[in-house]
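have a look at this fold, sequence not included:
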């Protein structure tokens, strides 16, 4: 997603109180320490990223709000026109620290056009997820 506030090729499962101005998906990519995407309550919140070009993913960076993270994240991906397939399960820590995939999550390099991250087990009693930063690193093909 562009950091300049342009169109973001991503979708999210929900936004807290539908307040996209304050809690919308764009805040995961704005590099601000003060803004975030905040999901509404409910189980299995998710984020999908539709890349404009095929990418080879090597790292996933994610920063949750402590107390509003996910104990289990499922990564799925696919090439254009194909169905999503499971890539791996991730087990983030319930912390506010930046977590990097190549160390904490061990994401194998994967070539894809679409990535879906499903937050399956929220640490919040109501199932809310709060993400301050989401970054996918790799190379365009």
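Alright, I've got the coordinates. This is a predicted model, so every value here is computed, not measured. Numbers count the residues shown, from 1 in each chain.

tell me the secondary structure for the nearest residue to residue 126 once chain neighbours are set aside?
Nearest non-adjacent residue to residue 126, counting by Cβ to Cβ, 6 or more residues apart in numbering: residue 41, 3.8 Å away. For glycine as for every other residue, the C-beta is placed from the backbone atoms N, C-alpha and C. State at residue 41, reduced to three classes by DSSP: H, G, I helix; E, B strand; the rest coil: coil.

distance of the residue lying closest to residue 36 once chain neighbours are set aside relative to residue 91?
Take residue 36 and drop its neighbours on the chain: the residue closest to it by Cβ to Cβ, 6+ apart is residue 132, 4.5 Å away. Using Cβ to Cβ, to the nearest Å, residue 132 is found at 19 Å from residue 91.

so which of these two has more stuff around it?
residue 132 (21 against 11; other Cβ atoms under 10 Å).

tell me the secondary structure at the more buried one.
Per three-state DSSP, the secondary structure class of residue 132 is strand.

that concludes my questions; thank you for your assistance.
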